[in-house]
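> make a model of this:
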Amino acid sequence: MRLAGKVVLVGVTGGIAAYKVGYVVSGLRKEGAEVHVLMTAAATQFVGPLTFRALSQHPVLSDMWGAENPWEEPHVALGARADLFIIAPATAHTLAKLALGLADDLVTATALATRAPLLIAPAMSDLMYAHPTVDEHLETLRSRGAHIIGPEYGRLASGREGMGRMSEPETILREALRLLTGPS
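This next block holds a predicted model:
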């Protein structure tokens with residue numbers, strides 16, 4: 001178990017690719033990581049928190065001040081414990097909030113509170129991905145040390161083919177392992 005003793009946060013935002021993130025969480029657990037899933041309210045419209053609770057074996061947090069939170073300030077407590085913070089899918093909206101330092105949900109607040117490496121997997125329509133603002137936000141995040149994986153070319157939720165598809169779970173997991181254990 002290559003990730004025994006490692007704490008990985010997985011921030012899930014509101015894109016159709018959210019269903020793929022279950023495979024990432026499961027893969028991290030198989031490698032021995034302690035995984036905590038944070039979801040935006042929009043993400044819960046795509047995948048139920050119960051799915052991620054079963055896969056991670058931890059409560060799933062989507063409300064910063066919810067009664068189910070085992071911590072008074074979960075964004076600070078989890079951010080301090082994290083060895084890696086994966087945000088997938090990272091929507092155009094989330095990328096903008098991350099680049100601008102906005103922290104109006106648990107995922108973006110935790111991104112500001114943590115000093116762990118960020119692994120961000122963008123996913124959006126090809127038209128949105130091609131907008132100069134998205135490119136600017138990604139460049140800002142890269143300049144701050146964030147690791148950006150994807151997006152890739154492929155079939156999108158709209159039925160179109162184009163650049164904007166979230167990287168496959170196996171690719172995200174491989175990059176997470178590299179960041180947590182070094183080159184193999």
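
> go ahead and confirm Met39 touches Val60.
Yes - contact between Met39 and Val60 holds when scored by C-beta atoms under 8 Å: they sit 6.1 Å apart. All C-beta spots, glycine's among them, are computed from the backbone N, C-alpha and C.

> tell me which of these two has more neighbours.
Legend: neighbour count by other C-beta atoms under 10 Å for Met39 and Val60, higher for Met39 (27 against 24).

> mind listing what the more buried one touches?
Residues counted as contacts of Met39 (C-beta atoms under 8 Å, 6 or more residues apart in numbering) are 11-13, 47, 49, 52, 60-62, 106-107.

> show me the residues you listed that map onto strands.
Among these, DSSP state E puts 11-12 in strands.

> export the contacts of Met39 to a markdown table and tack on pLDDT and distance to Gly79?
Formatted as a markdown table, the contacts of Met39 follow (pLDDT from 0 to 100; distance: C-beta to C-beta, whole Å):
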| residue | pLDDT | distance to Gly79 |
| --- | --- | --- |
| Gly11 | 98 | 11 |
| Val12 | 98 | 16 |
| Thr13 | 97 | 17 |
| Val47 | 95 | 23 |
| Pro49 | 94 | 20 |
| Phe52 | 97 | 18 |
| Val60 | 93 | 16 |
| Leu61 | 89 | 12 |
| Ser62 | 89 | 16 |
| Leu106 | 94 | 10 |
| Val107 | 97 | 11 |
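
> neighbour-wise, which of the contacts of Met39 leads?
Greatest neighbour count in the contacts of Met39, by other C-beta under 10 Å, goes to Val12: 32 neighbours.

> quickly list what that one is bridged to.
Met39 (DSSP bridges).

> so it makes contact with Tyr19?
No - the pair Val12 and Tyr19 does not pass the contact test of C-beta under 8 Å, sitting 9.7 Å apart.

> could you find the closest non-adjacent residue to Ala121?
Leaving aside its sequence neighbours, Ala121 sits nearest to Ala88 (C-beta to C-beta, 6 or more residues apart in numbering; 3.7 Å).

> how many neighbours does Glu136 have?
13.

> right, I mislabeled it, should have said Leu98
Residues near Leu98, counting by other C-beta under 10 Å: 25.

> now swap in the one 5 residues further on and tell me
When counting by other C-beta under 10 Å, one arrives at 17 neighbours for Ala103.

> any low-confidence regions in this structure?
183-184 (pLDDT under 70).

> ok, now with 50
For the chain, applying pLDDT under 50 flags no range at all.

> need the helices for it, in chain order.
With DSSP state H as the criterion, the chain has helices at 21-30, 49-56, 74-81, 92-100, 106-113, 126-129, 132-143, 169-181.

> which among those helices is found nearest to Val7?
Closest approach to Val7 among those (C-beta to C-beta): helix 74-81, 4.8 Å.
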